[in-house]
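[1] Turn this into a structure:
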Amino acid sequence: MGYYYCDFDAAAAAIDSMLSELVKEQLGEVPRGELEALREFVFRDFMHYLATRAGIYNWGRFSEQKARLRLCMYVERMWGRLWEIAAEWFNLWKLKWNQRVRLVFSEEEFKRATQSVKWSADLDTALKKINLTELRLFVIANLVRNGEVAGVEQIADYIIRDELNAIVERYGAEKAVDMYKSGKLAARILERISALRKMTDPVLLLKFDFSRVQHPP
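    You can find the predicted model right below:
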């Protein structure tokens, strides 16, 4: 069987250009600096959405190289419908972004909003003993399947840390790792994701950095 080459970087650039048009068309009233920050989320969220649709995150022993090739091939195959898919997805993304994400614009406001968040000192010990990459992709895929398509990387990271932290605080780091290996952590996370359907409150807090704003000359 011959070797198939697909230029992932070119495919990603084409998708980024497509999404930029959608963002400008539908969010043109948003200040330029904030718009650029949103574009990064839109691109990464849509790539995760496509990877989930393509079944790429269902693998064990995840390989980034193989995933890039499979996603590139999927984009090539679906290119004729991709604008339609992106436009439909973006409508849901806007809804979920407004629902799930709260933006703050100062360090003081961010500190006030997060002062109640405390992590166990042993959380990092547990995190180092699990396959965090595969767990993140598992959570991202299930968020997408549950209709959560905005800020998926950040929401996945928070859910993983929060659920693992709760186990660490109650049972200790080693027990938390055992629960990860047995699938009990994954089951807790799936319940958490399913419960999001009943929530209307923000899940993700983001601090917007004005230093990133690019002022026109």
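
[2] So residue 173 versus residue 164, what's the distance?
    Separation of residue 173 from residue 164 (Cβ to Cβ, to the nearest Å): 9 Å. (C-beta placed from N, C-alpha, C; glycine too.)

[3] Need the residues touching each of the two.
    Both residue 173 and residue 164 are in contact with 123, 126, where contact means Cβ atoms under 8 Å, 6 or more residues apart in numbering.

[4] Same drill for those two, tell me which one is more crowded.
    The neighbour count for residue 173 versus residue 164, taken as other Cβ atoms under 10 Å, is higher for residue 164 (26 against 20).

[5] For the more buried one, pull up the helix or strand it's in.
    helix 152-171 (DSSP states H and E).

[6] where does the protein have low pLDDT?
    1-3, 59-60, 104-117, 208-217 (pLDDT under 70).

[7] go with 50
    1, 210-217 (pLDDT under 50).

[8] Tell me how it divides into domains.
    8-103, 111-207 (automatic domain parsing).

[9] How about the helix holding residue 164, which residues are buried there?
    By neighbour count on 16 or more other Cβ atoms under 10 Å, the buried set for helix 152-171 is 152-161, 163-165, 167-168.

[10] Alpha carbons of that helix, as PDB, please.
    Backbone C-alpha positions of helix 152-171 (Å, rounded to 0.1, in the frame of the first residue of the first chain) are rendered in PDB as follows:
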ATOM      1  CA  VAL A 152     -13.800  22.900  25.300                       C
ATOM      2  CA  GLU A 153     -10.100  22.600  26.200                       C
ATOM      3  CA  GLN A 154     -10.400  24.900  29.100                       C
ATOM      4  CA  ILE A 155     -13.700  23.400  30.400                       C
ATOM      5  CA  ALA A 156     -12.200  19.900  30.000                       C
ATOM      6  CA  ASP A 157      -9.100  20.900  32.000                       C
ATOM      7  CA  TYR A 158     -11.200  22.400  34.800                       C
ATOM      8  CA  ILE A 159     -13.500  19.400  35.000                       C
ATOM      9  CA  ILE A 160     -10.600  17.000  35.200                       C
ATOM     10  CA  ARG A 161      -8.800  19.000  37.900                       C
ATOM     11  CA  ASP A 162     -12.000  19.500  39.900                       C
ATOM     12  CA  GLU A 163     -13.100  15.900  39.800                       C
ATOM     13  CA  LEU A 164      -9.600  14.500  40.500                       C
ATOM     14  CA  ASN A 165      -9.100  17.100  43.300                       C
ATOM     15  CA  ALA A 166     -12.300  16.000  45.000                       C
ATOM     16  CA  ILE A 167     -11.100  12.400  45.000                       C
ATOM     17  CA  VAL A 168      -7.600  13.300  46.200                       C
ATOM     18  CA  GLU A 169      -9.000  15.400  49.100                       C
ATOM     19  CA  ARG A 170     -11.200  12.500  50.200                       C
ATOM     20  CA  TYR A 171      -9.100   9.400  49.500                       C
END
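
[11] Which other helices and strands does the helix or strand just after that helix contact?
    The first helix or strand that comes after helix 152-171 along the chain, using DSSP H and E, is helix 173-182. In terms of contacts (3 or more Cβ pairs under 8 Å, 6 or more residues apart in numbering; DSSP states H and E), helix 173-182 is packed against helix 123-127, helix 152-171, helix 184-195.
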